[in-house]
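In: whatever this is, show me its structure:
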Amino acid sequence: MSDDKRLQALIVPLRSMNLVVPQVLVAEIIPFPHVSVVGELPWFEGMFEWRERTIPLVSVDRFCNPDEEGRGAMRSRRVAVLNGIEDVVQYGIEISSIPHPVRLGQGEVRSADDGKPCEMVAALVHAAGVRAAVPDFAALENRVAQALKQADKSVEA
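Out: Numbering: from 1, shown residues only. Below you'll find the predicted structure:
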């Protein structure tokens, strides 16, 4: 496969799984920011300031593993700020360590065919030798948009 048909991606480590994310969607990796808690959803961590904007922070780990300890219990050390593709302009996801880049061609991605842990995951794969989840960005951003609306209503009340 030629280099122009390879996807620049990042393997993004979470606590319970890895995500494989197109590199173009990752705006920045930052140290864990101060988070203002809004809403009551355990996976919706709240809002934080990034580049003079206030954006939402979510935990894919906690969404996919709702029995995980409560909000803030095992705080991640970093956040990946992602550019949205549908419902949200930017949002952050908790990550456990610095992502590593990979160039993925057709031969480097194989289906893991063992289900998917939650609706925010489109598929489980082996990408460049690493077991990873491919996020369902539409579902993730839809849930974030819903959580933002719910948080806005609770602030207005």
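In: shaky segments in the chain?
Out: Applying pLDDT under 70 to the chain flags residues 1-4, 68-76, 154-157.
In: just the helices from the protein, written as ranges.
Out: Along the chain, the stretches classed as helices by DSSP state H are 60-64, 137-156.
In: do you know which of those lies nearest V121?
Out: Nearest to V121, of all these, is helix 60-64, at 6.8 Å by C-beta to C-beta. Placement of C-beta: from N, CA and C, glycine included.
In: mind listing residues that contact that closest one?
Out: Here helix 60-64 makes contact (C-beta atoms under 8 Å, 6 or more residues apart in numbering) with 14-17, 19, 42-43, 68, 71, 93-94, 117-118, 120-121, 135, 140, 143.
In: can you select the buried ones from those residues in ChimeraX?
Out: Typed into ChimeraX, the next command selects the buried ones out of those (criterion: 16 or more other C-beta atoms under 10 Å):
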select :14,15,17,19,43,68,71,93,94,117,118,120,121,135,140,143
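In: surely F44 touches A151?
Out: Yes - F44 is within contact range of A151, at 7.3 Å (criterion: C-beta atoms under 8 Å).
In: who has more neighbours out of the two?
Out: For F44 versus A151, neighbours defined as other C-beta atoms under 10 Å are more numerous around F44 (24 against 19).
In: and the residue nearest to that one when sequence neighbours are not counted, how many neighbours?
Out: Excluding the flanking residues, the one nearest F44 by C-beta to C-beta, 6 or more residues apart in numbering is A147, at 4.3 Å. A147 is flanked by 22 other residues according to other C-beta under 10 Å.
In: contacting residues around A147?
Out: Shown in contact with A147 (C-beta under 8 Å, 6+ apart): 39, 41, 44, 56, 58.
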